[in-house]
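*Asks:* What follows is a predicted structure for the sequence shown.
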Amino acid sequence: MLIDVRPVAKLTGPDPLDVAAALAPVFGALGGAVGSGPAERGAAGSGPAERGAAGSGPAERGAAGPGPAERGAALSAYAADDVRTVIGGCAQDPHIFDTTIAGNLRLARPAATDEELASAAGRAGLLPWITSLPLGWDTPVGAHGTAISGGQRQRLALARALLVDPPLMILDEPTAHLDPDSRRALTADILTVTQGRATLLITHDLDGLDQVDEIVVLDHGRVAERGTHAELLRSAGLYRLLWQSSHPDG
């Protein structure tokens with residue numbers, strides 16, 4: 001697992017933020033090399049995935065955040081807004097604010113232009129839906145996004161992350177609570193829009209993992225196996241059992 005995580009200057013803190021150091025506990029727990037070079041991109045260039053069996057706790061590990069760095073300054077030493085320009089992503093249950101579509105996006109970048117909003121929404125697969133609405137960008141989404149569907153909430157959160165355009169994306173169960181068709185569609189779009197950036201995908205959903213660079217399978221908090229989709233299917237391990245149970249027709 002090779003991640004391109006370079007220091008970013010001009011952040012509010014004791015030193016330039018060293019993303020590799022800040023995320024050392026996360027990738028160290030997965031047994032991966034941190035900051036050892038540019039990511040090895042597969043066909044879709046989507047980056048590594050962390051695949052957890054039930055009870056392995058990957059979502060909890062991702063949601064809790066990376067914690068203090070083993071070298072350099074702790075992530076908490078930097079201004080939160082600065083950190084968000086370097087590390088972004090989507091949580092399993094992203095918070096959607098009781099405002100409009102445009103208002104939710106501009107929370108990530110208040111000075112974003114209309115063109116930048118449209119670009120982010122387009123990459124997240126939201127733009128056709130937004131332009132079809134009578135109120136367009138001014139459509140209220142309701143408290144916690146209750147006025148829109150679960151898939152639209154996830155895509156809105158993805159567009160918000162893309163608007164910031166961080167070099168590192170962490171996606172924690174982005175397809176949770178969606179129906180199978182919505183899961184597949186969102187996964188395909190995520191793999192497309194995260195090309196060219198370091199991405200950690202934490203998921204229990206196997207669809208689309210054939211396009212990531214490396215899969216790390218967790219079982220009760222420990223690394224059970226790792227490799228590409230094809231490599232793991234050739235081995236008689238946990239991943240192949242999970243794949244066969246979710247894809248009985250092959």
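*Replies:* On my side now, so go ahead. Residues are numbered from 1 along each chain as shown.

*Asks:* Name the SS class of residue 216, please.
*Replies:* Secondary structure, DSSP: H, G, I helix; E, B strand; the rest coil: residue 216 is strand.

*Asks:* swap in residue 96?
*Replies:* Following three-state DSSP, the label given to residue 96 is coil.

*Asks:* That one touches residue 147, doesn't it?
*Replies:* No: with contacts counted by Cβ atoms under 8 Å, residue 96 stays clear of residue 147, the gap being 9.5 Å. Every residue, glycine included, has its C-beta placed from N, CA and C.

*Asks:* got any residues that touch both of those two?
*Replies:* residue 141 (Cβ atoms under 8 Å, 6 or more residues apart in numbering).

*Asks:* Show me this protein divided up by domain.
*Replies:* Domain assignment of the chain by automatic domain parsing yields the ranges 1-86+168-250, 96-165.

*Asks:* one step back: neighbour count winner among residue 96 and residue 147?
*Replies:* In terms of neighbours (other Cβ atoms under 10 Å), residue 96 is the more surrounded of residue 96 and residue 147; the figures are 23 against 14.

*Asks:* Helices along this protein, start to end?
*Replies:* Per DSSP state H, the chain carries helices over the ranges 19-22, 24-29, 58-64, 80-84, 101-106, 114-123, 127-132, 150-164, 180-193, 229-234, 238-246.

*Asks:* I'd like these laid out as TSV, including mean pLDDT.
*Replies:* Listed next are the helices of the chain as TSV, based on pLDDT from 0 to 100:
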stretch	mean pLDDT
helix 19-22	54
helix 24-29	50
helix 58-64	35
helix 80-84	76
helix 101-106	96
helix 114-123	94
helix 127-132	96
helix 150-164	90
helix 180-193	84
helix 229-234	94
helix 238-246	90
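
*Asks:* Tell me which of these sits most buried.
*Replies:* A comparison of the helices of the chain by mean neighbour count, using mean count of other Cβ atoms under 10 Å, puts helix 19-22 on top with a mean of 24.

*Asks:* Which positions in stretch 86-98 come out as buried?
*Replies:* Within stretch 86-98, the residues scored as buried using 16 or more other Cβ atoms under 10 Å are 86-94, 96.
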